[in-house]
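Peer 1: fold the following and give me the result.
(one chain, ligands or ions: 1)
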Amino acid sequence: MSDIKTVIAPVNIAVIKYWGKRDEELIIPLNDSVSATLDTSVMCAKTSVSASPNFVEDEIWLNGKKESFSNQRLQNCLKEIKQRASVEKSVDNVFLSWKVHICSENNFPTAAGLASSAAGYACLVTALAKLYKVSSDVSSIARLGSGSACRSVYGGFVRWHAGVNPDGSDSVATQIAGSSHWPEMRALILVVGDSKKKISSTIGMKRTADTSELLEYRVQHCVPKRTEQISNAIKERNFAKFAEITMKDSNQFHAVCMDSYPPYVYLTNVSHTIIDLVHKYNEINGEAKIAYTFDAGPNACLYLVENDVPKVLYLIQHIFPSSSNNFVTGLSCNREPLSNEFIKSLSIPVQEKDSIKYVIYTKVGEGPTEIKDGSHLLTTDGTPVKTV
Ligand code: PMV
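Peer 2: Residues are numbered from 1 along each chain as shown. Sure, this is the predicted structure:
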């Protein structure tokens with residue numbers, strides 16, 4: 001006898017970045033952050049969880065590989081969900097004593113600065129909450145897996161409140177606006193590199209919190225103001241304001257990496273060319289049409305509205321030629337040619353072939369969803385379903 005729950009969960013890309021912890025163990029951030037949750041039909045994590053009296057030990061499979069269950073963050077998430085279930089009396093103690101099996105996969109590269117851990121932990125925690133019938137907010141539990149995961153627990157535009165309580169109980173995510181609030185909002189993820197990042201977010205954050213004076217200034221003076229401003233820009237659907245704050249905050253995040261001692265960098269020459277291109281494009285258009293933001297890697301996430309996508313895709317393919325015939329994945333979209341005169345006025349030379357590996361075209365979407373069509377990743381005896 002076993003019950004299987006399967007959930008898909010989205011990635012989120014921050015527009016006000018989380019960088020630096022107030023508490024390392026509990027993953028409590030130094031500042032609030034804001035993100036958009038992206039459509040699960042394009043990028044998602046999928047997780048099946050099951051508990052049974054027949055399971056001998058807790059087991060986990062990630063992207064087709066058996067992994068050790070000794071990971072502290074994973075254990076913290078499981079422990080906290082069981083604790084909630086016990087407080088809420090949602091399941092009995094016998095059920096709580098059974099071992100769990102977990103099988104999870106992402107449909108996009110892991111650990112490439114593409115928010116894979118955010119989707120993964122939001123998915124795991126939501127699936128466990130379904131299994132143990134926990135009904136309260138689980139963002140603070142997802143946070144224990146990976147900080148930014150707490151924002152993937154909700155769809156639309158989301159704010160993670162740093163909170164003030166020492167136990168992290170008020171370090172939770174809330175929704176600023178739902179996924180249908182700004183229906184024109186789109187995202188283009190320009191994948192520059194999909195190998196694992198050099199400095200993990202955990203190591204980078206600690207080094208920056210320990211050594212960067214600029215981070216102190218950012219946390220005290222910049223982020224509080226920006227968080228309010230961008231929340232208002234989202235509520236008012238003011239793209240130009242949204243774009244300006246998003247770009248400034250991405251730049252400041254990378255500046256605090258550089259201000260750390262020793263410094264570390266995530267952006268490459270290609271990332272910088274993308275930054276130049278966006279600023280030139282916005283300047284010639286007389287207003288911000290595109291916003292870039294970069295996480296802990298060289299890949300860009302461009303936010304823009306649907307009407308501008310055909311022109312921008314044409315431009316990207318022109319400046320960053322590709323040998324792939326599958327260069328743009330995700331949502332479908334046509335291209336709208338730009339005049340030679342316009343392209344010339346940008347004065348950005350055509351780049352080396354395949355500088356951008358591929359582009360993912362997506363939009364703002366919903367939070368985690370339970371899959372009820374029976375397409376579980378675990379069989380009823382708790383082993384991974386074989387995929388061909
Ligand atoms: O949650 P982590 O440890 O993967 O850190 C995420 C950090 C950034 O992606 C760079 C910023 C953010 O707010 O998502």
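
Peer 1: quick check: buried residues in stretch 239-250?
Peer 2: 239, 241-247, 249-250 (16 or more other C-beta atoms under 10 Å). Quick note: C-beta positions are derived from backbone N, CA and C, even for glycine.

Peer 1: can I see the domain layout of the protein?
Peer 2: Domain assignment for the chain by automatic domain parsing gives 3-179, 185-363.

Peer 1: so which of those domains is nearest residue 376?
Peer 2: Taking C-beta to C-beta, domain 3-179 is the member of those nearest to residue 376, at 4.5 Å.

Peer 1: what about residue 323, distance to residue 380?
Peer 2: Distance, residue 323 to residue 380, using C-beta to C-beta, to the nearest Å: 45 Å.

Peer 1: more neighbours: the two, which one.
Peer 2: residue 380 (13 against 7; other C-beta atoms under 10 Å).

Peer 1: correct me if wrong, but residue 182 is in a strand.
Peer 2: No: applying DSSP: H, G, I helix; E, B strand; the rest coil, one finds residue 182 to be coil, outside a strand.

Peer 1: pretty sure it contacts residue 364?
Peer 2: Yes: between residue 182 and residue 364 there is a contact under C-beta atoms under 8 Å: 6.7 Å.

Peer 1: tally of neighbours for the closest residue to the ligand within the stretch 251-388 of the chain?
Peer 2: Closest to the ligand within the stretch 251-388 of the chain is residue 295: 3.8 Å, counting by C-beta to the nearest ligand atom. Per other C-beta under 10 Å, the neighbour tally for residue 295 reads 25.

Peer 1: surely it touches residue 14?
Peer 2: Yes: if you go by C-beta under 8 Å, residue 295 and residue 14 touch, sitting 7.2 Å apart.

Peer 1: hmm, the helix or strand containing residue 14 in reach of the ligand?
Peer 2: Secondary structure assignment for residue 14, by DSSP states H and E: strand 12-16. Yes: counting by C-beta under 6 Å from any ligand atom, the ligand is contacted by strand 12-16 at residue 14.

Peer 1: can you pull the buried residues of the next helix or strand after that strand?
Peer 2: From strand 12-16 onward toward the C-terminus, using DSSP H and E, the following helix or strand is strand 21-23. Burial within strand 21-23, assessed by neighbour count using 16+ other C-beta under 10 Å, is assigned to 21-22.
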